[in-house]
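Enquirer: what's the 3D shape of this:
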Amino acid sequence: MFKTPLTSIINQSINNKKKFLESTDIYKYAFKYEDKIYLHVDYLRFGKSVGGVILSEEGELVPKDEAIQPYIGFNHTITILML
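Expert: Below is the predicted model of the structure:
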C-alpha cells in the first residue's frame, strides 16, 4: 500500500463522476498491482455507498477489465486490516 497525494487532476476525475447529493470517500492508501498504482474512490449518498471507481495514479478512470484485480486487492486488504 502506498500513500499518494491527491492532485488537481485526480480531484477533477473524482468530481466528474460525482452525482447530485453524493459525497466521496477516497482511500488513504493506493494499491500497487503489476507495477501500476491504483486509487479507490467510493461514492456515498446519505452515508451509504452507491458506487465506486478505480483511478490510475495519473487520475484516469481505469477500464472495468483492468480494474477488477485492483478492486479485489483493495477489498481483501481492508478485510485483513479489520480482523
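
Enquirer: I'd assumed Leu39 was in contact with Ile26.
Expert: Yes: with contact defined as Cβ atoms under 8 Å, Ile26 counts as touching Leu39 (7.0 Å). Placement of C-beta: from N, CA and C, glycine included.

Enquirer: neighbour-wise, which of those two wins?
Expert: Applying other Cβ atoms under 10 Å to Ile26 and Leu39 shows that Leu39 carries more neighbours, namely 25 against 14.

Enquirer: So which residues of this protein form helices?
Expert: Secondary structure of the chain (DSSP state H): helices at 8-17, 64-82.

Enquirer: who's in contact with the residue positioned nearest the centre of the chain?
Expert: Residue closest to the average C-alpha location in the chain (Cα atoms, centre = their mean): His40, at 1.1 Å. Going by Cβ atoms under 8 Å, 6 or more residues apart in numbering, His40 touches Ile26, Tyr27, Phe31, Gly52, Val53, Ile54, Leu55, Pro70, Tyr71, Phe74.

Enquirer: Are any of these buried, and if so which?
Expert: Tyr27, Phe31, Gly52, Val53, Ile54, Leu55, Pro70, Tyr71, Phe74 (16 or more other Cβ atoms under 10 Å).

Enquirer: The fourth one contacts Lys17, correct?
Expert: Read that as Val53. Yes: if you go by Cβ under 8 Å, Val53 and Lys17 touch, sitting 5.8 Å apart.

Enquirer: between the two, what contacts are shared?
Expert: With Cβ under 8 Å, 6+ apart, Val53 and Lys17 have common neighbours Tyr43, Leu61.

Enquirer: still on that earlier bit, so in terms of bridging, what pairs with the residue nearest to the centre of the chain?
Expert: Ile54 (DSSP bridges).

Enquirer: And for the one 4 residues further on?
Expert: In this structure, Leu44 has the following beta-bridge partners (DSSP bridges): Ser23, Ser49.
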